[in-house]
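K.L.:
generate a structure from the sequence data that follows.
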Amino acid sequence: MEHFIEIYTDGAASGNPGPGGFGVVLKFKNHRKEISAGFKHTTNNRMELMAVIVGLESITQNDLKVKVYSDSKYVVDSINLKWVFGWRKIGFKNKANPDLWQRFLSVYDATKHEFHWVKGHASNVENNRCDALAVAASKKLHLPIDEGYLGK
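P.N.:
Sure thing, here's the model as predicted:
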């Protein structure tokens, strides 16, 4: 039986741009970890991508396969349809969120990481939990600045 890590992710921004947050649930066998954080002024797409990055960066057993579940077509299609690799070739010229895509590519392993789109705000319990984590994180007081967001 092959073992793999499951990562569920979601991002949120109120106002888009506005206060935002992300939520991550990592699952492996009977272990579970939840991560969330918020930022003062950001976008939904940045938080969706940040959730994936933080999830992948949190993995300590790099020899295991990882299945990432996201309700973001922006993230999942950019990876599965290989758009991000074309963007890298042109230095991310005129593309949104180059700082986060470069950070993503530094932890991404095509041989181990699979990306799956799930319908948001539907029956996926873990995606709903990530949404709750993201929204709660976006509503905290004294949020840090999203240094990479240029639309300040």
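
K.L.:
and the helices in the protein, which stretches?
P.N.:
When assigned using DSSP state H, the helices of the chain occupy the ranges 44-57, 73-80, 83-89, 98-107, 125-138.

K.L.:
mean neighbour count and distance to residue 66 for these - can I get that in a markdown table?
P.N.:
In short, each C-beta sits where N, CA and C put it, glycine included. Listed next are those as a markdown table, based on neighbours: other CB atoms under 10 Å; distance: least, CB to CB, whole Å:
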| stretch | mean neighbour count | distance to residue 66 |
| --- | --- | --- |
| helix 44-57 | 24 | 7 |
| helix 73-80 | 18 | 12 |
| helix 83-89 | 15 | 17 |
| helix 98-107 | 17 | 10 |
| helix 125-138 | 21 | 14 |
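
K.L.:
redo those helices as a markdown table? Include mean pLDDT.
P.N.:
Compiled in a markdown table, the helices of the chain are given as follows (pLDDT from 0 to 100):
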| stretch | mean pLDDT |
| --- | --- |
| helix 44-57 | 98 |
| helix 73-80 | 98 |
| helix 83-89 | 97 |
| helix 98-107 | 97 |
| helix 125-138 | 97 |
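
K.L.:
what's the burial count for residue 61?
P.N.:
9 (other CB atoms under 10 Å).
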